[in-house]
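Q: Structure of the sequence below:
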Amino acid sequence: MRGILFVLLPFSLLAKSSFITPMEYATSLYKNPRGIGCHKCHGESGEGRVVAKYEHKNEKKSFAGPPINSVSFNDFFISLNVRKNGMPRYFLTQKEIKALYFYLQEKKREDGADVK
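A: Take a look at the predicted model:
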């Protein structure tokens, strides 16, 4: 048994620290950070989308998630940590916020948009 441990130990030290890529992690976080995925309100690539249309006091209105794929990291970070109407509070770690921002930037690249 001890011999097997010594044989496998070097391989475990050389193995990557994660079984998923940074993009896979970011995608899973964007799709389901804490129950309600960002894509439900902000679209697959953060482009924003209308979530619901309704009428209030005979006036047609809509509830929409704004575009988030062109904001600076600082504004993105602040938006995730400030309570806003309709935006759930996720209590994300800095690592998770960076991963979400990474996801949005990668999606912009995939979509062919200019990344600042």
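
Q: Find the nearest non-adjacent residue to K31, please.
A: Once flanking residues are discounted, K31 sits nearest to G37: 4.4 Å by Cβ to Cβ, 6 or more residues apart in numbering. From N, CA and C alone the C-beta is placed, and that goes for glycine too.

Q: list the contacts for S45?
A: 69, 104, 107-108, 110-111 (Cβ atoms under 8 Å, 6 or more residues apart in numbering).

Q: Any chance of CSV for these, columns secondary structure, distance to T27 and neighbour count?
A: Output for these, formatted as CSV (DSSP: H, G, I helix; E, B strand; the rest coil; distance: Cβ to Cβ, whole Å; neighbours: other Cβ atoms under 10 Å):
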residue, secondary structure, distance to T27, neighbour count
N69, coil, 14, 20
L104, helix, 11, 23
K107, helix, 9, 21
K108, helix, 14, 18
E110, helix, 11, 10
D111, helix, 14, 12
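
Q: Let's verify A52: helix, strand, or coil?
A: Following DSSP: H, G, I helix; E, B strand; the rest coil, we place A52 in the strand state.
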